[in-house]
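Peer 1: this one's sequence-less:
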């Protein structure tokens, strides 16, 4: 199966869009090769600004560029681009609704051996707390390019969350995304609806196949790639058509998709909502070691569905 990293394909898309829009620029923080924004820097050095290890300054520079009519991309690792410059994101970007695109890589648990300090497990909750930000989390390389295209060509602040490792590519190369959209990627589901995003979409599809073929359980899998705005219509539909909902995410349980779904359904159609997610900080390890230890795999999804059906 074809694989590719969301960060690499996003970097290539940024380079492509840079040739079409002279207002597009990139502000980095010393990790440009790892985020693949070095591709843009090499071709358009006059529109690339590396501020060094100074994430607060990076966001302020981007805000100034946006206020001057440019379309700046902020690029670094998710753990550094979310927690460290939160005040600047809040006051300098969100409150002024500036056209800044925060495209961060190495998100979530699967940062490899970089360890606990490099794992951003609360980044989505932080950006969701900034009300003017749209939040996109692509599930594979092609969807990452579509997310970058949507963010850059739509006015307003965006957060696009990208992963480090190469992931299976299962979407169509020409896929398009929309704000507030979702994609039903496995349609079988009168028993359980599995709502997920990002890295966990492919394991959820694997789990749904196993549930149907081996256990006779009908599961629907919905890729909730847009976390703000959220596709509430699909969530409500799933709650009415399935016995229960399971949210699956490579993020802390509270402040992520589980919280969004539970809050909405508690007011509109009270439904059993189970969660597979992170509940504490982790440790260093390979992607395979970490996802297996913390249950972010298809086997654990199957196990939890069987326990709750």
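Peer 2: Structure received. In this text the structure is predicted, and so the values were computed from the model without any measurement. Numbering: from 1, shown residues only.
Peer 1: only C-alpha atoms for contact and neighbour calcs from this point on.
Peer 2: Fine.
Peer 1: Phi and psi next, for the closest residue to residue 274 other than its chain neighbours.
Peer 2: Once flanking residues are discounted, residue 274 sits nearest to residue 246: 4.6 Å by C-alpha to C-alpha, 6 or more residues apart in numbering. Dihedral pair for residue 246: phi -120, psi 120, per degrees, to the nearest 10.
Peer 1: now residue 5
Peer 2: Residue 5 adopts backbone torsions of phi -90, psi 140, taken as degrees, to the nearest 10.
Peer 1: How about it, nearest residue that isn't a chain neighbour?
Peer 2: Nearest to residue 5 is residue 166, by C-alpha to C-alpha, 6+ apart, at 3.9 Å.
Peer 1: For the one you found, which phi and psi angles does the backbone take?
Peer 2: With angles defined as degrees, to the nearest 10, residue 166 sits at phi -70, psi 130.
Peer 1: What is the burial count for it?
Peer 2: Using other C-alpha atoms under 10 Å, residue 166 is surrounded by 15 other residues.
Peer 1: what sits against it?
Peer 2: 3-6 (C-alpha atoms under 8 Å, 6 or more residues apart in numbering).
Peer 1: By neighbours, which of those wins?
Peer 2: In terms of neighbours by other C-alpha under 10 Å, those top out with residue 6 at 31 neighbours.
Peer 1: how much space between the residue nearest to it when sequence neighbours are not counted and residue 247?
Peer 2: Distances taken as C-alpha to C-alpha, 6+ apart put residue 141 closest to residue 6, at 4.4 Å, once the chain neighbours are dropped. According to C-alpha to C-alpha, to the nearest Å, residue 141 stands 22 Å off from residue 247.
Peer 1: same question, residue 58
Peer 2: 34 Å.
Peer 1: which residues does the spatially most central residue of the chain contact?
Peer 2: For the chain, the residue nearest the mean C-alpha position is residue 137 (2.3 Å; C-alpha atoms, centre = their mean). Taking C-alpha under 8 Å, 6+ apart, we find residue 137 in contact with 144, 147, 160-162, 197-198, 225-227.
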